[in-house]
Each structure stands twice: as C-alpha cells, then as structure tokens.
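Engineer: give me a model of this one.
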Amino acid sequence: QVQLVESGGGLVQAGGSLRLSCAASGRTFRTSYMAWFRQAPGKEREFVGDISWSGMRTTYADSVKGRFSISRDNAKNTLYLQMNSLKPEDTAVYYCAASGVAARSPHDVVYWGQGTPVTVSS
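Structural biologist: Below is the predicted model of the structure:
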C-alpha cells in the first residue's frame, strides 16, 4: 500500500514556475509507476505525465510537453513535478498517483493523493 501527500501548490503569475512534491509512504513506492494528474473546475481529471520506477522513462501530455518535468528520488520516497512557463489554463488541482504499471487513465490508478491546488493568474 502507498500513501501519497502532495505539497507545493499555490498562486503564480503566468510565465512563472512552481515545483510540486509528493511524499510517499509504503515500501512499494520504489517499484511503483508514479504519475501526475490534474483536474480543472468543471472538467474531467486528466493525465499530466508519468515516470517509471527507475526514473529512466517519462511520458507527458502534449499540453505540458517541454514545460513540465517529472522526477523522483527513490531514496527519499518523493515524486516531483517541475512546472515552468505556466499558463492560466494550467490552473487545476494536481494529484499524485501510484500504480503497479503505467496508468494514463484515472480509472487505472490504484492510489491517489489528496491533491494540491495550482492557480495561474494572467
């Protein structure tokens, strides 16, 4: 079992940067595929990106490719999301997710964090 707690959300101006963290507890973190999803008001939860257990493979949604970067520190049981060149349309609650394999649909995710809000002002 994996427990996930996100932090680092907040208010930022367009063009700015934020770094989200996700602290995980549980022995299976190091063998879990980790992902970030987001949900904007009135919209479905959507895939942002994921990272393999080793950190060697990452995948990103087209909407964030080139601006967002996912990394993980297995020694610290922590997942990160570096967000640069933020746009107002990036405003959403960001969720950390863990699964045994790559899960790019919310329906396939096994464990969720509680979410951290990100607001990008224009």
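Engineer: show me where the protein has helices.
Structural biologist: Secondary structure of the chain (DSSP state H): no helices present.
Engineer: now the residue positioned nearest the centre of the chain. Nearest residue, chain neighbours left out?
Structural biologist: Note on the chain: the residue nearest the mean C-alpha position is Trp36, at 2.4 Å, using C-alpha atoms, centre = their mean. Among residues not flanking Trp36 along the chain, Val48 sits closest, at 4.2 Å (C-beta to C-beta, 6 or more residues apart in numbering). From N, CA and C alone the C-beta is placed, and that goes for glycine too.
Engineer: in contact with that neighbour, which residues?
Structural biologist: Val48 makes contact with 35-38, 60-61, 64, 68, 81, 94 under the criterion C-beta atoms under 8 Å, 6 or more residues apart in numbering.
Engineer: between those, which is nearest Asp108?
Structural biologist: Using C-beta to C-beta, Ala35 comes nearest to Asp108 of these, at 9.6 Å.
Engineer: quick one: the closest one from Ala61, how far?
Structural biologist: Using C-beta to C-beta, to the nearest Å, Ala35 is found at 10 Å from Ala61.
Engineer: what of Asn77?
Structural biologist: 25 Å.
Engineer: and the residue nearest to the centre of the chain, what pLDDT?
Structural biologist: pLDDT for Trp36: 98.
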